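J.: Sequence and predicted structure, then a few things I'm wondering about:
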Amino acid sequence: MSYKSLLTILTAAETAAAPLAQITALAEDFGAHANALCLGVDRTQTGYYYAGANAMVLQETLARAQEEAEQVEALAETALQQAGVPFATDSGVAQIADLGRHVARQARFSDLVVLGKPYGPGTRAEAEPIVEAALFEGRAPVLVVPGKAAPMRQPKTVLVAWNESIEAMTAIRRALPFMKGADLVRIAVIDPPQHGPERSDPGGLLAQMLSRHGVTCEIDVLSKTLTRVSDVLNRHAADTAADLIVMGAYGHSRFREAILGGATRNMLEQAKVPVLMAH
């Protein structure tokens, strides 16, 4: 099992550097094909314009979006061509409310989608719906990379967030190519339930499954000493020099996560290393 079809979605030149560097590194490491979908995004809500302005404003915003798409596609082509990896680029224009259709169409045929962080300074409004479209509509694993970090090569230490959920198990299965090449996989279990099915051996069955793939595992049972689970995971990632965090995404509904916050959003805001998620 390996990653052979990689995808990144780029919408602006100023946020393209990190995902482009990462997808290039992974294409080299795995002998994979890199696809870059370069979208110019119409971020307006044309339905709210007064009637006489619709055609004029729509034409202007579409022209600006087309210009952005061409600019970021030229950037992607240059970077991927210089790297010498097999690649293809595609460009187009989409309204922000229609991003999901464009992203999902290519994500569902990709082994891994590489994206920049959807939250934090410098991010654009379309970053969050792109991540969600890849996860939910495209059903693809997503590797979210921090903006200023060097691209991750084959990770030596992988930190797995294990809470016995379907989402976590899905992410773990999708991360096997990374884990099989790692020196160590640390299975982090935070405050395991005292009456759960794994109460006597938290993470033991997962470690057994991974070991049969040749993965070297250690189990870290952690106390929730900080308010948020994501803070505990990020601190543990720093303490153990983890190169990659693997976790399930959106264990609650997206609406609840948006209103109340959640481990997914908090992790993506604070993570200093790449995070591989799946739902």
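T.: Arrived safely, thanks for sending. The shown structure was predicted, so the numbers you read here are calculated from the model rather than taken from an experiment. Numbering: from 1, shown residues only.
J.: Break down the stretch 101-250 of the chain into its strands, ranges please.
T.: 112-116, 142-145, 157-161, 184-190, 217-222, 244-248 (DSSP state E, counting those that start in this stretch).
J.: Helices of this structure, residue ranges please.
T.: Under the criterion DSSP state H, the chain contains helices at 17-30, 54-83, 99-107, 127-132, 166-174, 176-180, 204-211, 229-239, 254-260, 263-270.
J.: what is the orientation angle of the longest one with helix 17-30?
T.: By that I understand helix 54-83. Angle, helix 54-83 to helix 17-30, by axes from the mean of the first three to the mean of the last three Cα atoms, to 10 degrees: 40 degrees.
J.: list the buried ones in helix 54-83?
T.: By 16 or more other Cβ atoms under 10 Å, the buried positions in helix 54-83 come out as 61-62, 64-65, 68-69, 71-73, 75-77, 79-80, 83. Bear in mind the C-beta positions are built from the backbone N, C-alpha and C, glycine included.
J.: Next: the fifth one.
T.: Under the neighbour-count criterion of 16+ other Cβ under 10 Å, helix 166-174 has 167, 168, 169, 170, 171, 172, 174 buried.
J.: What's the separation between the spatially closest residue to the second one that is not a sequence neighbour and residue 91?
T.: If I follow you right, that is residue 168. In space, and not counting its chain neighbours, residue 168 is closest to residue 248: 3.8 Å by Cβ to Cβ, 6 or more residues apart in numbering. Residue 248 sits 32 Å away from residue 91, going by Cβ to Cβ, to the nearest Å.
J.: Any stretches of the protein with poor pLDDT?
T.: 45-58, 195-196, 198, 251-261 (pLDDT under 70).
J.: If we use 80, what do you get?
T.: 1, 43-60, 148-149, 193-200, 250-263 (pLDDT under 80).
J.: which residues touch residue 21?
T.: Shown in contact with residue 21 (Cβ atoms under 8 Å, 6 or more residues apart in numbering): 79, 150, 151.
J.: Is the first one in contact with residue 22, as I believe?
T.: No - with contacts counted by Cβ atoms under 8 Å, residue 79 stays clear of residue 22, the gap being 11.1 Å.
J.: rewinding a little: out of the strands of the stretch 101-250 of the chain, which one sits most buried?
T.: Mean neighbour count (mean count of other Cβ atoms under 10 Å) peaks for strand 112-116 among the strands of the stretch 101-250 of the chain, with a mean of 28.
J.: next one: it to chain centre, how far?
T.: The chain centroid and the centroid of strand 112-116 are separated by 5 Å under Cα atoms, centre = their mean, to the nearest Å.
J.: Dump it to PDB, keeping only the CA atoms.
T.: Provided in PDB are the C-alpha atoms of strand 112-116 (Å, rounded to 0.1, in the frame of the first residue of the first chain):
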ATOM      1  CA  LEU A 112      -4.100  11.700  -0.400                       C
ATOM      2  CA  VAL A 113      -5.100  15.400  -0.500                       C
ATOM      3  CA  VAL A 114      -2.500  17.900   0.600                       C
ATOM      4  CA  LEU A 115      -3.800  21.200   1.800                       C
ATOM      5  CA  GLY A 116      -2.700  24.300   3.800                       C
END
